[in-house]
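[1] Dropping a prediction and its sequence here:
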Amino acid sequence: MRVLLKLSGEFLAGASSKGFDESILNQITDEIIEIHQAGVELAIVIGGGNLFRGIGSKSVGIDQPTGDNIGMLATIQNALMLSGVIRNKGYKSRVFSIIQMPYVCESYNPSLAKLALGKGNICFFAGGVGNPYFTTDTAGVLRAIETECQVLLKGTNVAGVYNKDPREFADAKLYKCLSYGQALQENLRIMDATAFALAQENQKKIVVFDITQKGNLRKAVLEQSIGTVVTD
Ligand code: UDP
């Protein structure tokens, strides 16, 4: 089985919401290694929100494309960090970036990436889609399609997709499964519209689950017992 895990950058920051929380780095890499040891080919797209998001451009007085470039570079830093921790634990991991920086990491191309996954490397696809005005959710869907991952796992900080915001409404209902059409009709924002449209068009199954609870990655991938499945 080959899966793509999409993690937000903010997750790496833990409670402080900026930078890196060492215990989170340790916990998530242990969980990633556990999945890898079970024989799953694992591709990972990580955001950059713990370092910078393009949306913050205006407040610091830069234009959005510049801010987005900073955000894309942040995703490369996050990928290098996680990959480095994994390698330090004795496992094979490679970082492929769509923004070429050959001294720092490998350049992304889908066939090379598939080869690397097949050879047992835990692979990070960094740099987003390589263009301002996009997000790493879109990059996640795009790379999952290109590298033929069966499923895209979106790790969040809630249990899955609800009919309304569970942090605001105590009676919010968690969906076990959901169609793309229903998600659109009910305006359930699973990911940004571009990412979601791409997933729907290419019938890429999405599982939304709570990554903050230890053990959940294994449950989502190996037991498929948690989260919300979005498919047709
Ligand atoms: N970004 C971009 N193009 C991409 C991916 C990301 O311009 O293809 C920029 C954008 O500014 C975004 C930032 O990088 O805010 C970090 O990515 P994202 O917000 O998706 O990270 P996350 O919220 O998942 O941590």
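    Nice, I can see it.
[2] now the helices: where do they sit in the chain?
    Applying DSSP state H to the chain gives helices spanning 9-13, 22-37, 57-60, 64-88, 110-118, 136-146, 180-185, 193-201, 216-218.
[3] helices and strands around the fifth one, which ones?
    Pointing back at helix 110-118 there. strand 41-46, strand 93-97, strand 122-126, helix 136-146 (3 or more Cβ pairs under 8 Å, 6 or more residues apart in numbering; DSSP states H and E). For glycine as for every other residue, the C-beta is placed from the backbone atoms N, C-alpha and C.
[4] Please identify the deepest-packed of those.
    Stretch with highest mean neighbour count among the helices and strands packed on helix 110-118: strand 122-126 (a mean of 29; mean count of other Cβ atoms under 10 Å).
[5] still on that earlier bit, same list, the helices and strands packed on helix 110-118, but as JSON lines with mean pLDDT and distance to the ligand please.
    As requested, these are exported to JSON lines (pLDDT from 0 to 100; distance: least, Cβ to the nearest ligand atom, whole Å):
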{"stretch": "strand 41-46", "mean pLDDT": "98", "distance to the ligand": "7"}
{"stretch": "strand 93-97", "mean pLDDT": "98", "distance to the ligand": "11"}
{"stretch": "strand 122-126", "mean pLDDT": "98", "distance to the ligand": "10"}
{"stretch": "helix 136-146", "mean pLDDT": "98", "distance to the ligand": "3"}
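[6] how about a markdown table for these, with distance to Val85 added?
    Below are the helices and strands packed on helix 110-118 laid out as a markdown table (distance: least, Cβ to Cβ, whole Å):
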| stretch | distance to Val85 |
| --- | --- |
| strand 41-46 | 12 |
| strand 93-97 | 9 |
| strand 122-126 | 11 |
| helix 136-146 | 19 |
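[7] And these: which comes nearest Ser225?
    strand 41-46 (18.5 Å; Cβ to Cβ).
[8] ok and the closest one relative to helix 136-146, angle-wise?
    Strand 41-46 and helix 136-146 are oriented at 160 degrees to each other (axes from the mean of the first three to the mean of the last three Cα atoms, to 10 degrees).
[9] Next, the distance between the ends of stretch 188-208.
    This stretch, stretch 188-208, spans 12 Å end to end (Cα to Cα, to the nearest Å).
[10] Residues of the protein that sit close to the ligand?
    Those residues of the chain that sit near the ligand, judged by Cβ under 6 Å from any ligand atom, are 8-10, 47-49, 53-55, 67-68, 71-72, 74-75, 128-129, 131-132, 134-136, 139.
[11] Just the buried subset of the residues you listed, please.
    Listed as buried from the residues of the chain next to the ligand are 8-10, 47-49, 53-54, 67-68, 71-72, 74-75, 128-129, 132, 134-136, 139; burial here means 16 or more other Cβ atoms under 10 Å.
[12] Mind giving me the packing neighbours of the helix-or-strand element of the chain with minimal mean pLDDT?
    Here the helix or strand of the chain ranked lowest by mean pLDDT, DSSP states H and E is helix 180-185, holding a mean of 92. Judged by 3+ Cβ pairs under 8 Å, 6+ apart, helix 180-185 is in contact with helix 193-201, strand 228-231.
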